[in-house]
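J.: fold the following and give me the result.
(one chain, ligands or ions: 1)
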Amino acid sequence: MLDDLIREEDVAWAAELMGLGPDGFAPVEGDDSRFRAMLRLDTVDFEACPGSGKTTLLVAKLAVLAIRWAYRQQGICVLSHTNAARNEIGSKLSNTAAGIALMRYPHFVGTIHSFVNEYLALPWLRSKGVEVRCVDTQIALAKRWALLPRNTRWALQQANLTESCLIYTQPDYGGGATGRFGAQTQTYQAIVTARRTSSEQGYFCFDEMFIWARELLDSCPEATRTLRRRYPLVFIDEAQDNSEAQSALLHRIFCEGDAPSRRQRFGDSNQAIYASSSQSGATTDLFPSGDVHPMPRSYRFGQDLADKVQGLGVTPQPLIGAGPPDNIGTDPKERAIFLFDDGSVQEVLPRYGQHLLDTFTAEVLERGVFTAIAGVHEPGGDDNIPRAMGHYVPTYDPSCVRKEASPSSFVQYLARARFESAAVGNTDKLVNATASALLAASELAGGTHGRMSRKSPHRRVVEILSEGGARASYRALQEIVLTHAGEISPEVWAAQARALVEDIVRQLSGTAELDGTVVAFLTAPQAPIAAEGEAAILTRTDNLFTYPADAPRVRVRLGSIHSVKGETHTATLVLDSFFHKHHLSELKPWLLGSKSGGSTTTPRGKKVLEGIRMLGRLKLHYVAMTRPTHLLCLAMRKDAFGDGELNTLADRGWRIIDCCAPA
Ligand SMILES: Nc1ncnc2c1ncn2[C@@H]1O[C@H](COP(=O)(O)OP(=O)(O)OP(=O)(O)O)[C@@H](O)[C@H]1O
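T.: The predicted model follows:
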């Protein structure tokens, strides 16, 4: 039924639609990989280099399929790993009427988590009589902690266990990281009781939904048949990032055994990086495997950058640099390395800002995307400078860029929305972030309205608040948020916002007294602090570094490498950071060109893989260094380099900028 849905004559139309011109997917210099990729509808893995247009290709295929899809009860299932990727696909599809149809029944476009919730975990829990109110790890854990007897809490604290010991891994509420408290202990029993009670009340942690999804499949094996009939064609974006739990579950739903769905995965195994060092990739249904369709051309950057970053791929791919795109009308720029020492680490960002001003025209500075990213962005000890982003920019707030976890305070909800709307430029994010923060505060205060809804958070709040009551406070609060573009000063918070927020949270939750957890969630915003001395850098809590500070001409978005996966920037500065060792210093042999790839071959011809930590380091920095279209910069300690090494770098086309010396 599916074979004829994308025809040769559709390819030029789809390329045009994606803004690539009619020849966007046409064969180039004998390479017809993209043209063939467009036509294929069999089960295949598209393993392709950074910037090769995987997401673009996926959306182009979907646009054609949307027009030809004639089935009313069966749909296309498009799964991504993150909300950011889902939103990217959604916004690209929304450019055509047929694309918009794909966002509705009978199709599904969403994250793997939302698919698992909607089709498996939620219906299963409902069938067991549980109404799911909220899937939010922070809220579920706060509820569970509050359910524990006081002496259990004390015992857990004494054993250095945090709330996360209340996450379970089995359908009997057992498992999880309970430290020295084995199943026979009273403390363990209290933990299990709190887990069970809060789950029965409808509060779940994010990853627990997979437990219930698996239980459904165990109990009702016919569910897979139904899902395969419903979704004969499945696309998975960012497939390299799937965890074992996700991969195994998807394989079981769509592939294992008879009559599998057709499944196409898009990804790049060299870019497989995970949210935490304890996570690892899938072992079931490895990506890529089986029929692999490579696409070697990167449309993001040119050949010079391709040649310099290629070696950082664990399995170096033949990288053809067919970029950069000429959408901002400038040529690729000379790569640069900023060198610093303990005393000048905070000079790096201003020097980068100045370098951008010297390199790009005012128009490019206005239209381009400029970032500075570090492998480690959570603060640690004050030694081993540079340990994390905070050593370069003391006011950096890591919670603002954690895309998947929920913010942990009202102010952080707003900060994240400011950060996100800096990229998109709409107020909708601020309005909904305010509403989400109020709903989260209300849940913490004991509200039981639940957050599982297809409606926007703003609509939910308006519906719950009665007219004449706190709805007026809600309107006034939204007006304050919008007037201040989400950046509420401590003064405005104290004088106006706080009372409104408390009034709304009381009405949403039906609780007169707001306890300690809610009070902590509603802590006042901090005034921006400037670091001491000449190297003072002032960023706002939204992690935008503006330069020059007094009359900004460029905005640099700060973040972790994880937070920029899949993104395209005009210029990217990759800052060194520390995890067991300094990342970039450890990668020096790759920068100097003496090593390439994730393995070496011994004189006897034996292939020896780099250690696990080094492989992680390579992948992380391969993602980082393949983001820019026009300018790649690095920042490293000056004393990381020995005799002659800086000359080697200069010979390899790196411009050296020494921040230890006055500008
Ligand atoms: N066929 C093409 N011709 C010209 N430009 C293209 C083509 N395909 C994609 N592009 C452009 O290349 C850039 C990268 O595309 P995209 O983000 O889809 O790549 P990706 O493979 O998903 O990247 P990553 O692996 O880093 O996530 C975008 O600016 C896109 O518009």
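
J.: going forward, measure contacts between C-alpha atoms and count neighbours the same way
T.: Fine.

J.: output the below-cut-off pLDDT ranges for the stretch 501-650 of the chain.
T.: Scanning the stretch 501-650 of the chain with the threshold set as pLDDT under 70 gives 526-542.

J.: I misspoke; the intended subject was the chain.
T.: Within the chain, the segments meeting pLDDT under 70 span 274-281, 399-406, 419-426, 449-454, 467-468, 526-542.

J.: one more time with 50, if that's ok
T.: By pLDDT under 50, the weakly predicted segments of the chain are 277-278, 403-404, 528-541.

J.: domain parsing of it, as residue ranges.
T.: Domain segmentation of the chain under automatic domain parsing yields 8-118+212-295, 137-205, 306-395+534-658, 403-521.

J.: quick one, helices of the stretch 1-150 of the chain?
T.: Ranges of helices within the stretch 1-150 of the chain are 8-17, 33-39, 54-68, 83-93, 97-102, 112-116, 122-127, 137-147, 150-158, based on DSSP state H, counting those that start in this stretch.

J.: next, format those helices as a markdown table and append mean neighbour count.
T.: Below are those laid out as a markdown table (neighbours: other CA atoms under 10 Å):
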| stretch | mean neighbour count |
| --- | --- |
| helix 8-17 | 18 |
| helix 33-39 | 19 |
| helix 54-68 | 21 |
| helix 83-93 | 18 |
| helix 97-102 | 18 |
| helix 112-116 | 19 |
| helix 122-127 | 17 |
| helix 137-147 | 21 |
| helix 150-158 | 14 |
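
J.: possible to save the ones you listed as CSV with distance to A322?
T.: Conversion of the helices of the stretch 1-150 of the chain to CSV gives the following (distance: least, CA to CA, whole Å):
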stretch, distance to A322
helix 8-17, 16
helix 33-39, 13
helix 54-68, 15
helix 83-93, 22
helix 97-102, 28
helix 112-116, 32
helix 122-127, 45
helix 137-147, 43
helix 150-158, 56
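
J.: what's the closest of these to R557?
T.: Among those, the nearest to R557 by CA to CA is helix 83-93 (16.2 Å).

J.: got the contact list for the closest residue to the ligand within the stretch 251-400 of the chain?
T.: Distances between the stretch 251-400 of the chain and the ligand by CA to the nearest ligand atom are smallest at Y299, namely 4.2 Å. Contact analysis of Y299 by CA atoms under 8 Å, 6 or more residues apart in numbering lists 51-53, 321-325.

J.: and it, how far is that from P628?
T.: For Y299, the distance to P628 equals 11 Å [CA to CA, to the nearest Å].

J.: assign a three-state SS to I657, would you?
T.: Put simply, I657 is strand when judged by DSSP: H, G, I helix; E, B strand; the rest coil.

J.: look up how far F46 lies from the residue of the stretch 251-400 of the chain closest to the ligand.
T.: Distance, Y299 to F46, using CA to CA: 16 Å.

J.: what's the answer for H569, then?
T.: For H569, the distance to F46 - CA to CA - is 23 Å.

J.: name the element R555 belongs to?
T.: strand 554-560 (DSSP states H and E).

J.: and the gap between the residue nearest to G302 when sequence neighbours are not counted and G51?
T.: Leaving aside its chain neighbours, G302 sits nearest to G321 (4.1 Å; criterion: CA to CA, 6 or more residues apart in numbering). Note on G321: its distance to G51, by CA to CA, is 9 Å.

J.: who has more neighbours out of those two?
T.: Higher neighbour count among G321 and G51: G51, with 25 against 20, using other CA atoms under 10 Å.

J.: mind listing what that one touches?
T.: 297-301, 568, 626-627.

J.: check I100 too.
T.: Contacts of I100 (CA under 8 Å, 6+ apart): 93-94.

J.: for L349, list the residues it contacts.
T.: For L349, the contact set (CA under 8 Å, 6+ apart) comprises 392-393, 545.

J.: in the stretch 151-300 of the chain, mark out all the strands, start to finish.
T.: Applying DSSP state E, counting those that start in this stretch to the stretch 151-300 of the chain gives strands spanning 203-204, 233-236, 262-267, 292-295, 297-298.

J.: could you export the domains of the chain as JSON lines, including distance to the ligand?
T.: Converted to JSON lines, these look like this (distance: least, CA to the nearest ligand atom, whole Å):
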{"stretch": "domain 8-118+212-295", "distance to the ligand": "3"}
{"stretch": "domain 137-205", "distance to the ligand": "28"}
{"stretch": "domain 306-395+534-658", "distance to the ligand": "3"}
{"stretch": "domain 403-521", "distance to the ligand": "15"}
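
J.: rebuild these as a markdown table, extending it with distance to L125.
T.: Converted to a markdown table, these look like this (distance: least, CA to CA, whole Å):
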| stretch | distance to L125 |
| --- | --- |
| domain 8-118+212-295 | 7 |
| domain 137-205 | 9 |
| domain 306-395+534-658 | 32 |
| domain 403-521 | 13 |
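
J.: number of residues surrounding the residue lying closest to A494 once chain neighbours are set aside?
T.: Excluding the flanking residues, the one nearest A494 by CA to CA, 6+ apart is A524, at 7.4 Å. The local packing of A524 (other CA under 10 Å) involves 20 other residues.

J.: packing partners of the lengthiest strand in the chain?
T.: In the chain, assigned by DSSP state E, the strand with the most residues is strand 628-637. Secondary-structure packing of strand 628-637 (3 or more CA pairs under 8 Å, 6 or more residues apart in numbering; DSSP states H and E): strand 336-340, strand 569-575, helix 583-586.

J.: 10 Å instead, please
T.: helix 303-310, strand 336-340, helix 348-359, strand 370-374, strand 569-575, helix 583-586, helix 612-625, strand 655-658 (3 or more CA pairs under 10 Å, 6 or more residues apart in numbering; DSSP states H and E).

J.: grab the longest helix from this protein for me.
T.: In the chain, taking DSSP state H as the definition, the longest helix is helix 428-444.

J.: can you point out the buried residues in that one?
T.: 429-444 (16 or more other CA atoms under 10 Å).

J.: tell me what angle it forms with helix 137-147.
T.: 10 degrees (axes from the mean of the first three to the mean of the last three CA atoms, to 10 degrees).

J.: put the alpha carbons of helix 428-444 into CSV.
T.: Only the C-alpha atoms of helix 428-444 are listed here, as CSV (Å, rounded to 0.1, in the frame of the first residue of the first chain):
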residue,chain,number,x,y,z
ASP,A,428,3.4,33.1,23.6
LYS,A,429,6.2,31.3,25.3
LEU,A,430,6.2,33.8,28.2
VAL,A,431,2.4,33.6,28.7
ASN,A,432,2.5,29.8,28.7
ALA,A,433,5.6,29.7,30.9
THR,A,434,3.9,31.9,33.5
ALA,A,435,0.8,29.6,33.4
SER,A,436,3.0,26.4,33.6
ALA,A,437,4.9,27.9,36.6
LEU,A,438,1.5,28.7,38.4
LEU,A,439,0.2,25.2,37.7
ALA,A,440,3.5,23.6,39.0
ALA,A,441,3.3,25.8,42.1
SER,A,442,-0.3,24.8,42.6
GLU,A,443,0.6,21.1,42.4
LEU,A,444,3.3,21.6,45.0
